[in-house]
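Got a sequence here, can you build the structure:
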Amino acid sequence: MTTTTRSRGVEAFEHVIINVLKLNKSSQLWKALEDDGFDTISDIATLTDSEINALKYGDVDTNGNITMKTVMKKQRKLLTHLLSWRDWTSRQLKEFDVDDWFRLISDDFNNFRENQLPDIVRGGLSISNTSSSLRRVKFNHLRNLSLRAMLIFRNSTDMCQNG
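Next comes the predicted model:
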C-alpha cells in the first residue's frame, strides 16, 4: 500500500476532478471545495452525502457582491458517484490507496455509473456480480491499452516501411 503525501493527495484530487469528472477549476464544485478548504483526495473521500448536498460556492456578481449558491445537482451527484466508485472498488480489491485514484479514467468511471451504480443504488448487485464486473472493467481497460499500443506499433512500422 502506498503512503500518501500531501502533494500526492493534491495531485489525485486534481486528477479526479479534471480528468475523471471533466470539471475545471471554475466549476461550481471546484469553487465550493476550494471555499471549504478541501484540496486533497482524502478531503473529499471522507465527505458524507449530507456534506456533499450542502456544498455551496461564492458567486460574484458584476458589482462584486458575493452570493452563496448551492452547487448544481449534477456536479454534486458526480462527486457522490465518485465516492460510490471508491467504495465499490475498495470492496473488490480489499484495499484502496492513492494510486487507485490515478488508475481511474473517465471512460471507466462512466461505465461504472451507467452499468454498476444503478444496481448498487437499487440494491440489485451482489458481491459476486461486482467481482465479475470489476474484472470486466479491468479487462476492457487492458484491452484498450493493448489496442493503443498495437496502433502505435503499426503506425511506426508503416512509417519505417514508407520512410
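
and the helix or strand containing residue 111, what does it pack onto?
For residue 111, the element it lies in under DSSP states H and E is helix 106-111. Taking 3 or more Cβ pairs under 8 Å, 6 or more residues apart in numbering; DSSP states H and E as contact, the helices and strands that helix 106-111 lies on are helix 73-93, helix 127-162. To be clear about C-beta, it is placed using only N, CA and C from the backbone, and glycine gets the same treatment.

my guess is residue 79 meets residue 21, correct?
Yes - if you go by Cβ atoms under 8 Å, residue 79 and residue 21 touch, sitting 7.5 Å apart.

Identify the contacts common to the two.
Residues touching both residue 79 and residue 21 comprise residue 29, with contact defined as Cβ atoms under 8 Å, 6 or more residues apart in numbering.

Pick out whichever of the two has more residues nearby.
Neighbours of residue 79 and residue 21, each counted by other Cβ atoms under 10 Å, are more numerous for residue 79; the result is 24 against 19.

For this structure, give me the ranges with low pLDDT.
Scanning the chain for pLDDT under 70 picks out the ranges 1-4, 124-163.

Now with 90, please.
For the chain, the stretches flagged by pLDDT under 90 are 1-5, 90-96, 119-163.

got the buried residues for the helix holding residue 111?
Taking 16 or more other Cβ atoms under 10 Å as the neighbour-count basis, helix 106-111 is seen to contain the buried residues 108, 109, 111.

Give me the nearest residue to the second one, chain neighbours excluded.
When the adjacent residues along the chain are set aside, residue 109 lies closest to residue 20, with 5.1 Å between them (Cβ to Cβ, 6 or more residues apart in numbering).
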